[in-house]
Structure formats: structure tokens, C-alpha cells
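A.B. asks: How does the following fold in three dimensions:
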Amino acid sequence: MAYVENKGIGKKGQVLFRLYYDGPKKTDGSRNQKKESFSVHPLPEKAGAIIKAADNLKNGINTKTDNLALERFIKKATELAENEARKKEEEINKPTYVEPTGETFKELSDRWLKYRAGTTRKGKRQPKTMLRYEQLLERINSYLGNFEVEKVNIDRVEEFYLWLSEQHKKPVKSNKPTQKEPGLLSTQTQWHHHRCLYSVLEYAVERKLLDSNPCKYVRPSTPEGIDDKKIDPYNKKQTAQIYALIKNEGLKHTALVTIALEIGPRVAELLALDWQDIDFNTRILKIYKTWQYVPGKGCFMKAPKNKSSVRDVMLSESTIFLLRQLKKEQESKADEIGTKWVESGAVFVNWNGERVHAMWATTWWPVWIRKTKLPVKKFHDLRHTCISLLMDAGAQPLEIARMVGHSNADMLWRVYGHPVQKEEFNGAEIMKGIMDGKKPVNKVLRKSGTKSGTFVSKTHLKVLNNS
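C.D. replies: Prediction:
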């Protein structure tokens with residue numbers, strides 16, 4: 001039966017109680033009494049009078065007014081405490097009630113990472129996906145890790161998101177001393193933390209540790225001055241400059257950038273290419289694997305995470321000629337160094353024939369692009385550039401999606417569905433041509449006789465060759 005014990009008045013005027021209430025009997029039939037601390041604070045405007053009255057009572061100088069104020073407040077507080085005790089007893093005796101485990105959020109997230117993380121995604125527990133989860137949980141656990149799971153409520157999540165919005169990026173490891181403080185976390189990174197936390201707490205709901213997921217009702221705060229991350233492609237003029245300047249580099253670098261701009265592969269797909277994947281007669285390039293790096297595991301080859309990433313793409317004649325030259329250069333190098341040459345069969349290799357490191361392109365690119373005085377963007381932005389320029393040239397989004405390995409064109413419409421060259425867009429001229437019965441321009445052409453899944457854009461090749 002629920003009851004309360006008055007433990008006196010605290011320093012801030014609050015009445016302290018110990019609540020007692022009965023839960024379901026234990027399996028051996030013994031009593032299962034619960035107890036917990038509880039306090040009732042006076043209203044802010046009356047707190048001073050209550051504290052003074054309590055001090056006077058303690059010192060033996062209390063007045064009738066003091067006694068009356070304390071008596072009324074203690075009576076009201078006792079009623080609230082008794083109601084809380086009864087409420088606790090009713091709740092704990094419900095059939096759906098689950099006994100708190102005392103499990104911390106860190107313990108929960110470790111279990112989630114071991115048994116649940118990545119199992120609902122395509123490809124199942126991809127190494128880079130798991131690494132990203134570990135990175136996100138490192139920051140999440142630094143704030144929430146010591147909290148009991150039952151105490152990770154809406155208030156805690158709101159406080160975490162506010163804290164997250166004020167955190168800075170990790171400093172980049174460099175031998176050069178720098179005084180510049182890393183910027184705040186981007187909105188995209190904050191949402192990555194939100195999705196990870198959402199999944200962990202959803203796992204807690206499944207395990208009956210929480211009644212509901214607080215992340216359903218709370219969203220990350222966006223730091224002032226930080227916008228959502230958007231794609232950042234090069235424009236037509238910059239692309240033509242890159243295409244012209246890269247020709248001054250070696251054949252390996254020229255081929256790397258040319259293919260990246262021409263057909264927009266992911267960098268992991270590009271570095272995974274073998275010579276056997278290229279049909280020099282039909283100009284078909286087969287993409288069906290990726291070359292990745294994970295700290296602690298090193299570089300490794302793996303299949304793409306979805307079926308749409310496996311595809312055949314047609315290259316231009318000039319790129320095929322470039323690849324022939326690169327292959328001959330490798331053969332000459334192999335003859336030159338003899339037994340030191342490693343027959344990896346890779347398109348992009350080091351001096352001794354070994355396949356390049358999976359991070360080679362992304363680390364080389366910013367060093368080279370700075371020399372050109374062009375905007376410094378990521379190597380992956382060459383993929384965005386390819387897609388953006390094809391969209392801007394009037395290519396069919398579904399054809400582009402198939403070429404670059406997307407399952408459908410929905411994402412292209414959301415991300416690239418705006419003219420890249422807005423100042424050059426002239427819808428009136430396009431419609432005038434249609435109304436005059438002129439043939440439409442900027443069509444993506446499929447070479448007759450090629451099999452399904454093989455794509456080439458003549459408009460995009462013209463963009464590259466206009467240098």
C-alpha cells in the first residue's frame with residue numbers, strides 16, 4: 001500500500017519525502033516494496049517566507065504566522081507526495097510495466113552496434129557504414145553515455161541537440177601549424193547524429209526500455225550561419241578549364257579526371273577498375289566492384305551495396321584512346337623494372353604496378369586543384385559536376401541515373417533539379433523552338449546495337465571538348 005514519510009524541509013524550502021509503494025509480488029511470493037525520494041518546492045514568491053519560517057522553527061523563535069505558513073505548505077506537499085506514491089503504485093502494477101534495468105545509454109549503443117546497426121540497410125553492415133556509426137556514437141556517448149536509458153527523454157535529447165549545435169569539427173591532422181579553429185558541425189552532420197540516435201533509441205523501444213522514441217518529437221538545432229549542405233559542382237567554364245589543364249599532367253591523372261567528369265563514377269568504383277573491365281572495341285566499361293579503405297582494416301575490394309550500381313557505361317573515343325596510351329605506358333614500365341613489377345591488372349597503379357591506395361584520388365586532388373587557382377572542391381564533386389551538366393544540357397534524368405548507378409531518378413530531381421547555369425537558361429527560346437516545330441536539341445543518344453544499361457551523352461562530351 002502506498003504511503004509517504006516526511007523527511008523534513010531542505011535548504012531551498014522544499015519538503016523532502018520518501019515514497020513507499022508496492023509492486024507485483026516476486027516469484028517467491030515475497031513482498032516487492034519500492035521506495036524513492038521525492039520533493040515538493042514552494043512557489044518562487046513564497047519560497048523566502050517558507051525558508052525563514054523553517055529557520056525560525058529550528059532556532060526556536062518561530063511565530064504563529066510561521067507555524068501557520070509551514071503547516072499549510074506541508075499539508076499541501078504531503079497531499080502531492082501521496083498522490084505521486086499512488087500514481088507510482090498504479091503504474092508499476094500495470095501488466096505492460098517493465099522493470100527498469102539500470103542499463104546506460106553507452107551499454108545500449110554498444111549492443112545496438114554489435115547486433116542491430118546496419119542490418120536494415122542494403123548490403124548489410126557495410127564496413128564504411130559501420131565505421132561511420134562508430135564515429136557518430138563516439139560524440140553521442142560523450143554526452144548521453146552515462147545516462148540510464150530510462151532517463152534519455154525529450155528533455156535530454158533537446159539538451160543534446162543544443163550541445164551538438166555548438167560543437168566544432170575535429171581538427172584535420174596536419175604537419176603544418178595552424179591557428180584557425182575548426183568550424184561548427186554542419187547541419188548534415190548533425191542530422192547524421194540524429195538518425196543514428198533515432199535508431200539506437202528505437203532499439204530501446206523494441207527492447208521495452210522506453211515507452212516511445214523521443215527523437216520522434218525533437219529535431220537538431222541548426223547553428224546560426226550554417227546552411228544545409230548542398231552539392232557544389234563546377235560550372236561549364238570551370239569544367240572546360242579542368243579538362244584543359246589536366247592534360248598537362250601524366251596519363252594516369254588525365255585518365256582519372258577525364259573518366260570522372262565524363263561518366264560520373266564514384267571514386268571507389270573508379271579506382272577498382274581493371275583492364276579486363278574495359279572493352280576497347282565496343283568502348284564499354286563494366287562497373288561492378290569498389291576499392292575501399294577503412295582504418296584498421298586497410299584497402300579491400302568489395303561488391304557495390306546495391307544492384308543499380310552494377311552497370312555498363314560507354315566511354316568516348318578520345319577516352320578509349322587515352323586508356324590505350326596508359327596501358328602501353330604501364331607495359332613499358334613493367335619491361336623497364338622487370339621483376340619489381342606487380343601484375344595487379346589495375347588501371348590506376350603505383351610505380352611498381354600495385355593498385356593505388358583507396359584514398360589516393362581524394363588526397364591528390366585538392367593538392368592539384370589549388371595549383372590551378374580554380375575553386376577547391378572535393379574529388380567527389382566531379383561526379384556532381386557530371387550529373388549537373390548533363391541535367392543542364394537537357395539529358396533525361398532516368399538515363400543519367402542509370403549511367404551513374406542510381407536506382408531511380410527521384411534523387412536527381414531533388415538534388416539536381418535546378419539549372420546549373422541559371423543565367424544561361426532561356427525557357428522562352430526552348431519553347432519557341434518547340435512551337436515552331438524544330439527538332440529538340442540536347443538529347444542523350446543511345447548507340448544503336450548496344451545492350452540495355454549502356455549509355456553515352458554526346459552533349460556532355462561536347463562540354464568537355466569545348467576547351
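A.B. asks: Run a quick neighbour tally on the closest residue to Lys11 other than its chain neighbours.
C.D. replies: Distance criterion Cβ to Cβ, 6 or more residues apart in numbering; nearest residue to Lys11, sequence neighbours excluded, is Ile51 at 7.7 Å. All C-beta spots, glycine's among them, are computed from the backbone N, C-alpha and C. The number of residues packed near Ile51 is 17, by other Cβ atoms under 10 Å.
A.B. asks: ok but Ile51 is inside a helix, no?
C.D. replies: Yes. Ile51 forms part of a helix when assessed by DSSP: H, G, I helix; E, B strand; the rest coil.
A.B. asks: how close does the closest residue to Leu315 other than its chain neighbours get to Val313?
C.D. replies: Sequence neighbours aside, Arg283 is the residue nearest to Leu315 in space, at 5.0 Å (criterion: Cβ to Cβ, 6+ apart). According to Cβ to Cβ, to the nearest Å, Arg283 and Val313 sit 9 Å apart.
A.B. asks: for this structure, which helix is longest?
C.D. replies: helix 64-92 (DSSP state H).
A.B. asks: So which elements touch it?
C.D. replies: Using 3 or more Cβ pairs under 8 Å, 6 or more residues apart in numbering; DSSP states H and E, the elements in contact with helix 64-92 are strand 3-9, strand 15-22, strand 33-40, helix 44-59.
A.B. asks: JSON lines please, covering these and showing distance to Thr187 and mean pLDDT.
C.D. replies: Converted to JSON lines, these look like this (distance: least, Cβ to Cβ, whole Å; pLDDT from 0 to 100):
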{"stretch": "strand 3-9", "distance to Thr187": "48", "mean pLDDT": "91"}
{"stretch": "strand 15-22", "distance to Thr187": "44", "mean pLDDT": "90"}
{"stretch": "strand 33-40", "distance to Thr187": "40", "mean pLDDT": "87"}
{"stretch": "helix 44-59", "distance to Thr187": "38", "mean pLDDT": "88"}
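A.B. asks: Quickly compare those and say which is most buried.
C.D. replies: strand 15-22 (a mean of 20; mean count of other Cβ atoms under 10 Å).
A.B. asks: From the chain's centroid, how far away is that strand?
C.D. replies: 45 Å (Cα atoms, centre = their mean, to the nearest Å).
A.B. asks: Hey, what's the angle from that strand to helix 64-92? Just curious.
C.D. replies: Orientation of strand 15-22 against helix 64-92 (axes from the mean of the first three to the mean of the last three Cα atoms, to 10 degrees) gives an angle of 30 degrees.
A.B. asks: returning to that earlier point: among the helices and strands packed on helix 64-92, which comes closest to Phe147?
C.D. replies: Of all those, it is strand 33-40 that lies closest to Phe147, at 17.5 Å by Cβ to Cβ.
A.B. asks: Need the residues that contact that closest one.
C.D. replies: 4, 10, 14-23, 76-77, 80-81, 84-85, 88, 92 (Cβ atoms under 8 Å, 6 or more residues apart in numbering).
A.B. asks: where does the protein have low pLDDT?
C.D. replies: 26-27, 29, 31, 97-101, 120-123, 172-180, 222-229, 417-436, 438-467 (pLDDT under 70).
A.B. asks: Which residue would you name as the spatial centre of it?
C.D. replies: Geometric centre of the chain, nearest residue: His192, 3.5 Å, by Cα atoms, centre = their mean.
A.B. asks: and it, what helix or strand is that in?
C.D. replies: Using DSSP states H and E, His192 sits within helix 187-206.
A.B. asks: helices or strands up against the helix or strand following that helix?
C.D. replies: As assigned by DSSP H and E, the chain's next helix or strand after helix 187-206 is helix 236-246. Here helix 236-246 touches helix 251-263, helix 381-392, helix 458-465, going by 3+ Cβ pairs under 8 Å, 6+ apart.
A.B. asks: So what angle separates the directions of the first one and helix 236-246?
C.D. replies: For the pair helix 251-263 and helix 236-246, the angle between their directions (the same axes, to 10 degrees) equals 160 degrees.
A.B. asks: tell me the angle helix 251-263 makes with helix 381-392.
C.D. replies: If you take the same axes, to 10 degrees, helix 251-263 sits at 40 degrees to helix 381-392.
A.B. asks: ok, back up a step: higher neighbour count, Arg283 and Val313?
C.D. replies: Val313 (22 against 19).
A.B. asks: tell me which element the more buried one falls in.
C.D. replies: With DSSP H and E as the test, Val313 turns up in strand 311-314.
A.B. asks: what pairs with that strand, and is each one parallel or antiparallel?
C.D. replies: With DSSP bridges as the test, strand 311-314 is paired with strand 284-287 (antiparallel).
A.B. asks: Show me what the strand it pairs with is in contact with.
C.D. replies: 259, 263, 265, 269, 273, 277-279, 304, 309-315, 405, 450, 454.
A.B. asks: Can I get the buried part of those as one ChimeraX selection?
C.D. replies: To isolate the buried subset of those in ChimeraX, counting by 16 or more other Cβ atoms under 10 Å, use the following:
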select :259,263,265,269,273,277,278,304,309,311,312,313,314,315,405,454
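A.B. asks: If we go by neighbour counts, what in stretch 108-124 is buried?
C.D. replies: Buried, per 16+ other Cβ under 10 Å, within stretch 108-124: Leu108, Ser109, Arg111, Trp112, Leu113, Arg116, Ala117, Gly118.
A.B. asks: just those now: which is nearest His41?
C.D. replies: Leu108 (32.0 Å).
A.B. asks: For the closest one, which residues are in contact?
C.D. replies: Val149, Val200, Tyr203, Ala204, Leu209.
A.B. asks: Let's see that with 6 Å instead.
C.D. replies: Val149, Ala204 (Cβ atoms under 6 Å, 6 or more residues apart in numbering).
A.B. asks: so how far is the first residue of stretch 55-68 from its last?
C.D. replies: Between the opening and closing residues of stretch 55-68 lies a distance of 14 Å (Cα to Cα, to the nearest Å).
A.B. asks: Keeping just the C-alphas, turn stretch 241-252 into CSV.
C.D. replies: Output of stretch 241-252 as CSV, limited to C-alpha atoms (Å, rounded to 0.1, in the frame of the first residue of the first chain):
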residue,chain,number,x,y,z
GLN,A,241,39.4,24.6,-67.7
ILE,A,242,40.0,21.5,-65.6
TYR,A,243,39.8,19.3,-68.8
ALA,A,244,42.4,21.5,-70.5
LEU,A,245,44.8,21.8,-67.5
ILE,A,246,44.7,18.1,-66.6
LYS,A,247,46.2,17.2,-70.0
ASN,A,248,49.5,18.7,-68.8
GLU,A,249,49.7,16.0,-66.1
GLY,A,250,50.7,12.4,-66.6
LEU,A,251,48.4,9.9,-68.4
LYS,A,252,47.3,8.4,-65.1
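A.B. asks: List the buried residues of that stretch.
C.D. replies: Gln241, Ile242, Tyr243, Leu245, Ile246, Leu251, Lys252.
A.B. asks: Report the separation between the last one and Ile263.
C.D. replies: Note on Lys252: its distance to Ile263, by Cβ to Cβ, is 17 Å.
A.B. asks: If anything else comes up later, I'll come back, but that's it for now.
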